[in-house]
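> Return atomic coordinates for the entry below.
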Amino acid sequence: MLTLPETDLVVHELCLGGNVFGWGADESGSRAVLDAYKGHGGNFIDTADIYSEWKEGNEGGESEGIIGRWLQGQDRRKFVIATKVSLWSKRPGLRPENIIAACNDSLKRLQTDYIDIYYSHKDDPTVPIAETLGAYQQLMNEGKIRYIAASQHTGARLQEALDIAEREGLPKYVALQDRYNVLDREPFESDQQDVLTRNQISALPFYGLARGFLTGKYRKGVTIESVRSEGVVEYQTDRGYAVVDALTEIARAHHSTPSAIALAWVRSNPAVSTPIASARTVEQLNEIIEVVHLSETEVKILNRASA
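Numbering: from 1, shown residues only. As a prediction, the model looks like this:
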């Protein structure tokens, strides 16, 4: 467990992504994964109002609904729940009135009276940052959210938001969520990382497993049936397969899995607090839940493979 910088939130070293709940995993499967995650000591769950609007027959809010119904059988205080606003077609953007309405909707679906971390899911340059932060201030004053964070913001825009918050006495973002894994190292390392380090706030990266490619199940000439298989085409290169080979070799030495090693590489970056990863089944969860600590040599091996 670790405490997220600039907060009093104590969280597990793997944040469980809820993007597959209601998409790749039905309600019973999702509940089984949540139960197993709790059984491993997990307490940090990430979702968004848009999950999973993209699935035929869904309209959005499915993941929050599943998590909310599961939470009814739990001690809410033992869990850190994060959700997001701005990308759902029904509640788009970061206008103050939309943020307020979206938060109230999320609270209903999650069946809770507060959200631990509320994200701006994607930057919205059409809305003055101070107005967005002002809406978050109102929600904090009402006890509906505890902390705010950013997702898919450039380093410059994140710094601008932090500067405005400091200057105008508004809530500041305590974390950034964006894509980062051993195959997708940019723009995080060249753009966002320095802003996070300078301001002592967390990176909570998504796609730590490169849409599942780094699990080791994708090999040259092997066809995988998965709802996410189309998303890994960009990684199916000589470089990608070289990284998977290196992950597999290091996993063997640790008696672990390529997935756990891929997430360990993300954690090896001092700017990262904890990666976010999802699991459709308990078996998949068991492959990612172990927290492995890599040696400097192992990190260098993976860095060379991904260069």
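
> by contact count, what packs against the longest helix seen in the chain?
Assignment by DSSP state H gives helix 238-254 as the longest helix of the chain. Counting contacts by 3 or more Cβ pairs under 8 Å, 6 or more residues apart in numbering; DSSP states H and E, helix 238-254 packs against helix 258-267, helix 296-306. C-beta coordinates here come from the backbone N, C-alpha and C atoms, glycine included.

> Report the distance from it to the chain centre.
Its chain's C-alpha centre and that of helix 238-254 lie 23 Å apart, by Cα atoms, centre = their mean, to the nearest Å.

> Can you give me the buried ones in that helix?
Using 16 or more other Cβ atoms under 10 Å as the test for burial, helix 238-254 gives G240, Y241, V243, V244, A246, L247, I250, A251.

> what does it contact?
Under the contact criterion Cβ atoms under 8 Å, 6 or more residues apart in numbering, helix 238-254 has outside partners 182-183, 210, 213-214, 216, 218-220, 257-258, 260-262, 292, 294, 298, 301-302, 305-306.

> filter those to the buried ones?
Neighbour-count burial (16+ other Cβ under 10 Å) is assigned, among the contacts of helix 238-254, to 182-183, 210, 213-214, 216, 218, 257-258, 260-262, 292, 294, 298, 301-302, 305-306.

> quick one: the helices in the stretch 151-300 of the chain?
With DSSP state H, counting those that start in this stretch applied, the stretch 151-300 of the chain shows helices at 155-168, 193-199, 238-254, 258-267, 282-288, 296-306, listed in chain order.

> Mind listing residues that contact stretch 96-103?
With contacts defined as Cβ under 8 Å, 6+ apart, stretch 96-103 is touched by 49, 85-86, 88, 91-92, 115, 118, 127, 131-132, 134-136, 138-139, 144-145.

> switch the cut-off to 6 Å
For stretch 96-103, the external contacting residues (Cβ atoms under 6 Å, 6 or more residues apart in numbering) are D49, V85, R91, E131, A135, L139, K144.

> Out of those, grab the one that's most surrounded.
V85 (30 neighbours; other Cβ atoms under 10 Å).

> That one: which element?
Following DSSP states H and E, one finds V85 within strand 80-85.

> elements contacting that strand?
On a contact count with 3 or more Cβ pairs under 6 Å, 6 or more residues apart in numbering; DSSP states H and E, strand 80-85 meets strand 44-46, helix 96-110, strand 115-120.

> what is the orientation angle of it with strand 115-120?
30 degrees (axes from the mean of the first three to the mean of the last three Cα atoms, to 10 degrees).

> roughly how far is strand 80-85 from the heart of the chain?
10 Å.

> strand partners of that strand, parallel vs antiparallel please.
Paired strands of strand 80-85, with direction, are strand 44-46 (parallel), strand 115-120 (parallel) (DSSP bridges).

> With distance to E160 and mean pLDDT added, can I get those in a markdown table?
Shown next, in a markdown table, are the strands paired with strand 80-85 (distance: least, Cβ to Cβ, whole Å; pLDDT from 0 to 100):
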| stretch | distance to E160 | mean pLDDT |
| --- | --- | --- |
| strand 44-46 | 25 | 98 |
| strand 115-120 | 13 | 98 |
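
> Can you lay out the ones you listed as CSV showing mean neighbour count and distance to W70?
What follows is the strands paired with strand 80-85, written out as CSV (neighbours: other Cβ atoms under 10 Å; distance: least, Cβ to Cβ, whole Å):
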stretch, mean neighbour count, distance to W70
strand 44-46, 26, 9
strand 115-120, 25, 16
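
> now the ones you listed in JSON lines, with distance to F206?
Supplementary listing: those in JSON lines, determined by distance: least, Cβ to Cβ, whole Å:
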{"stretch": "strand 44-46", "distance to F206": "8"}
{"stretch": "strand 115-120", "distance to F206": "11"}
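
> Tabulate the CA atom coordinates of the longest helix of the chain in CSV.
C-alpha atoms of helix 238-254 as CSV (Å, rounded to 0.1, in the frame of the first residue of the first chain):
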residue,chain,number,x,y,z
ASP,A,238,9.7,-6.6,-34.3
ARG,A,239,10.2,-4.1,-31.5
GLY,A,240,7.0,-5.2,-29.8
TYR,A,241,7.8,-8.9,-30.0
ALA,A,242,11.3,-8.2,-28.7
VAL,A,243,9.9,-6.5,-25.6
VAL,A,244,7.5,-9.4,-25.0
ASP,A,245,10.4,-11.8,-25.2
ALA,A,246,12.3,-9.7,-22.7
LEU,A,247,9.3,-9.6,-20.4
THR,A,248,8.9,-13.3,-20.6
GLU,A,249,12.5,-14.0,-19.7
ILE,A,250,12.4,-11.7,-16.7
ALA,A,251,9.1,-13.1,-15.6
ARG,A,252,10.6,-16.6,-15.6
ALA,A,253,13.4,-15.4,-13.3
HIS,A,254,10.9,-14.0,-10.9
